[in-house]
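# this one's structure only:
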Ligand code: KIV
Ligand code: NA
């Protein structure tokens with residue numbers, strides 16, 4: 001689907017649903033859910049799919065490779081792709097080059113960047129060249145070294161005003177969507193009411209125009225402690241361990257494979273000839 005489909009939901013006040021995907025399998029699952037509107041290839045994949053302690057370690061080429069895998073899995077959904085740390089900061093050129101390299105893969109509807117004022121020229125340029133930009137403010141995981149780790153932002157009046165101004169600025173310079181991460185519901189509500197572009201919240205309450213979750217959090221794919229704002233819809237991790245234990249037990253007890261069902265037959269005559 002296209003950006004205009006996402007805007008139709010926004011105009012109708014239908015909450016916009018976004019889920020991350022980081023490979024072909026998770027992309028397939030997201031693409032097939034009729035209740036999901038958009039897929040995000042988030043740089044959170046550094047942590048949930050590659051085991052890094054933060055998103056900073058992620059190399060553009062590795063992210064690019066993962067993005068290609070997700071793209072092969074998608075038929076239906078609006079696709080948003082992050083610019084990872086190190087792929088857009090050094091110059092406007094670097095930013096445009098990274099974004100265009102991703103856009104050339106096809107199917108991408110928007111490029112997402114963490115930040116606001118510091119990205120003014122970059123976002124305007126992307127917009128001028130026809131690349132819809134999704135902003136990302138509040139908690140910005142790429143800046144966790146400066147902001148005191150992965151914790152809620154905008155809880156005092158000064159910070160809240162700063163985040164509100166950042167949101168207005170992103171809208172003014174042409175962002176088409178804004179992710180609001182880990183800010184109080186009161187603030188995300190105020191921002192959403194004062195913008196005319198959709199806000200997508202994560203850990204930002206239910207007054208935003210939509211919600212995004214990291215799929216591995218929502219489906220319990222890892223054994224990590226989940227953030228407060230996640231509703232764990234499933235625990236694939238434990239279900240999978242149980243299933244592998246069942247496989248292991250069956251093999252060790254000679255209950256798998258079952259000769260009558262899991263094997264390829266060969267007629268006796270052929271076997272005798274062979275012997
Ligand atoms: O990388 C990511 O998954 C994100 C979402 C948390 C919005 O940016
Ligand atoms: Na991200």
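Arrived safely. In this text the structure is predicted, and so the values were computed from the model without any measurement. Ligands and ions are numbered 1, 2, ... in the order given.

# make it CA atoms for all contacts and neighbour counts henceforth
OK.

# using neighbour counts, pick out the buried residues of stretch 162-176.
Using 16 or more other C-alpha atoms under 10 Å as the test for burial, stretch 162-176 gives 163-164, 166-168, 170-171, 173-176.

# same check, this time on stretch 40-53
40-46, 48-49.

# which residues touch it?
Contacts with stretch 40-53, where a contact means C-alpha atoms under 8 Å, 6 or more residues apart in numbering, come from 18-22, 54-55, 57-58, 63, 67, 70, 79-84, 214, 216, 222.

# sort out which of those are buried, if you could.
Among the contacts of stretch 40-53, those classed as buried by neighbour count (16+ other C-alpha under 10 Å) are 18-22, 54-55, 57-58, 63, 67, 70, 79-84, 214, 216.

# which stretches in the stretch 1-150 of the chain count as strands?
Using DSSP state E, counting those that start in this stretch, the strands of the stretch 1-150 of the chain run over 16-20, 38-41, 78-82, 110-114, 133-138.

# swap that for the stretch 151-275 of the chain, please
For the stretch 151-275 of the chain, the strands defined by DSSP E, counting those that start in this stretch occupy 177-181, 199-202, 210-213.

# the ones you listed into a markdown table, with extra columns for distance to residue 5, mean neighbour count and mean pLDDT?
A markdown table is the format used below for those (distance: least, C-alpha to C-alpha, whole Å; neighbours: other C-alpha atoms under 10 Å; pLDDT from 0 to 100):
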| stretch | distance to residue 5 | mean neighbour count | mean pLDDT |
| --- | --- | --- | --- |
| strand 177-181 | 13 | 27 | 99 |
| strand 199-202 | 15 | 28 | 98 |
| strand 210-213 | 13 | 22 | 98 |
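
# ligand 2 is nearest to which of these?
Closest of the strands of the stretch 151-275 of the chain to ligand 2 is strand 177-181, at 9.5 Å (criterion: C-alpha to the ion).
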